[in-house]
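K.L.:
mind looking at a prediction? Sequence and model below.
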Amino acid sequence: MPLTLAPIGKELTIRKIVVDEKLKKHLENLGIMVNSKITILSQNGGNLICLVKEGRLALDKNTALKIFVM
């Protein structure tokens, strides 16, 4: 399921990221990569605040729709 539909507060595993190489490299630098863990802390209009490793980061709706979790 896309990250925008995932439940808040549950640790999820990233299974697929469907973005161009430049954005994929940027996300990897932030700790968002296949098989890494991510937890949604809050959601507002599809935009997300997520916990990745020990840090919080914001993802816009368009990017979050391209990250698939399980």
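P.N.:
Okay, I see it. In this text, all values refer to a predicted model and were calculated from it rather than measured experimentally.

K.L.:
tell me the contacts of Ile38?
P.N.:
Neighbour list for Ile38: Leu3, Glu11, Leu12, Thr13, Ile14, Ile32, Cys50, Leu51, Val52, Ile67, Val69 [criterion: CB atoms under 8 Å, 6 or more residues apart in numbering]. Just so you know, the C-beta spots here come from the backbone N, C-alpha and C atoms, and that holds for glycine as well.

K.L.:
are any of those residues buried, and which?
P.N.:
Leu3, Leu12, Ile14, Ile32, Cys50, Val52, Ile67, Val69 (16 or more other CB atoms under 10 Å).

K.L.:
distance to Thr39, pLDDT and secondary structure for these - can I get that in CSV?
P.N.:
Shown next, in CSV, are the buried ones among the contacts of Ile38 (distance: CB to CB, whole Å; pLDDT from 0 to 100; DSSP: H, G, I helix; E, B strand; the rest coil):
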residue, distance to Thr39, pLDDT, secondary structure
Leu3, 11, 96, helix
Leu12, 7, 97, strand
Ile14, 11, 98, strand
Ile32, 12, 97, coil
Cys50, 7, 97, strand
Val52, 8, 97, strand
Ile67, 13, 97, strand
Val69, 10, 98, strand
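
K.L.:
nearest to Ala58 among those?
P.N.:
Cys50 (7.7 Å; CB to CB).

K.L.:
need the contact list for that closest one.
P.N.:
Taking CB under 8 Å, 6+ apart as the test, what Cys50 contacts is Leu3, Ile38, Thr39, Ile40, Leu41, Arg56, Leu57, Ala58, Leu59.

K.L.:
and with 10 Å instead?
P.N.:
By CB atoms under 10 Å, 6 or more residues apart in numbering, Cys50 lies in contact with 3, 6, 12, 30-32, 38-43, 56-59, 64, 67.

K.L.:
what bridges to it?
P.N.:
Note on Cys50: beta-bridge partners by DSSP bridges are Ile40, Leu57.
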